[in-house]
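Student: Give me a 3D structure for the following:
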Amino acid sequence: MMPASAALIALVWALFRYPKLWASALFGISGDFGWWQELWPMQWRLGISWLCGYFLTQMHTPLLFQTQNAVVAGQMGVTMTVCNMLGLLSLAWMTSRIPVLAKAAGQQDWDLLDKEFKKGFKRSLAVFVLGAVFFVLIRYAADYTAYGVRFLPFWETFVLIGAILFAHISGLLAIYLRAHRKEPFLWLSLSGALLTVGGSVWVAPIWGSAGIVLVLLLVNVGFGFPTSLLMWVMLRKKWHATI
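Tutor: Numbers count the residues shown, from 1 in each chain. A predicted model of the protein is given here:
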């Protein structure tokens, strides 16, 4: 309900605050810029890619509730929530640069694009790693208190953070490529979601949360990250040579 409420409030606010913008976006063409021609082909792909992200982060708690019990599901939910919040917070150092990245890509200022991306990438990654270390230490100390049982076991928490870390890096690479007003990660997102869902459904009844965190690690490290890096290298070279 929290995301639904936030989306509803933002929608109502935008409708009343910027009615002309909505009218222009939905029905009008400003100059030589057409929303449906310029942005919609990218936006629907982005929508599907982000929908796939649900399966990578949110499906495991109800799955464990169904196949294991409420305790294991709760442990996964709490631990995954902390990991996701860590990713969102550290992503802010990159998302704040998206307007600059998009402008640089539109003006074909590749030096500025790379400079701003590297700066945001390093800071975002550093914040994630520092936050992850801090959380691991807290998680280790929690085992000596009554709150340790509310999280996944320590080694499972460690593996889950590693999986989220590689997913975070892939997300940073995706932001760089999307600054070119293209979404090349659609099929990668779909494939990753299918692998995660299939693997999680298979291992959850047998190995529970331990199996799921291993599936996440294998998919992100063995498929998502190397594929993202390869696409980033190849498309960056291709687009900067032809745009």
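Student: next one: phi and psi at residue 19?
Tutor: Note on residue 19: its backbone torsions stand at phi -60, psi -40 [degrees, to the nearest 10].
Student: Which residues are in contact with it?
Tutor: The neighbours of residue 19, taking CB atoms under 8 Å, 6 or more residues apart in numbering as the test, come to nothing; the list is empty. Every residue, glycine included, has its C-beta placed from N, CA and C.
Student: tell me the pLDDT at it?
Tutor: Residue-level confidence at residue 19 comes out at 83, pLDDT.
Student: And for residue 214?
Tutor: We have a pLDDT of 96 for residue 214.
Student: Now do residue 110 against residue 117, distance only.
Tutor: The span separating residue 110 from residue 117 equals 10 Å under the rule CB to CB, to the nearest Å.
Student: which one of those two has more residues nearby?
Tutor: Comparing residue 110 with residue 117 by other CB atoms under 10 Å, the one with more neighbours is residue 117, at 22 against 14.
Student: how about the strands of this structure, start to end?
Tutor: Remark: strands of the chain, listed N- to C-terminal, are 29-30, 33-34; assignment by DSSP state E.
Student: Comparing these, which yields the minimum mean pLDDT?
Tutor: Mean pLDDT across these is lowest at strand 29-30; the value there is a mean of 56.
Student: wait, residue 124 sits on residue 90?
Tutor: Yes. In this structure, residue 124 is within contact of residue 90 by CB atoms under 8 Å, at 5.0 Å.
Student: Neighbour count: the two, which is higher?
Tutor: Taking residue 124 and residue 90 together and counting by other CB under 10 Å, residue 124 has the greater number of neighbours (25 against 22).
Student: Now do the contacts for that one.
Tutor: For residue 124, counting by CB under 8 Å, 6+ apart, the contacting residues are 90, 91, 92, 93, 94, 168, 172.
Student: Kindly provide the distance from it to residue 172.
Tutor: For residue 124, the distance to residue 172 under the criterion CB to CB works out to 6 Å.
Student: and for these two, which residues touch both?
Tutor: Common contacts of residue 124 and residue 172, defined by CB under 8 Å, 6+ apart, comprise 91, 94.
Student: okay, and for the protein, where does confidence drop off?
Tutor: Counting by pLDDT under 70, the chain shows low-confidence ranges at 25, 27-39, 55, 242-243.
Student: Tell me which residue is most central in it.
Tutor: residue 171 (5.4 Å; CA atoms, centre = their mean).
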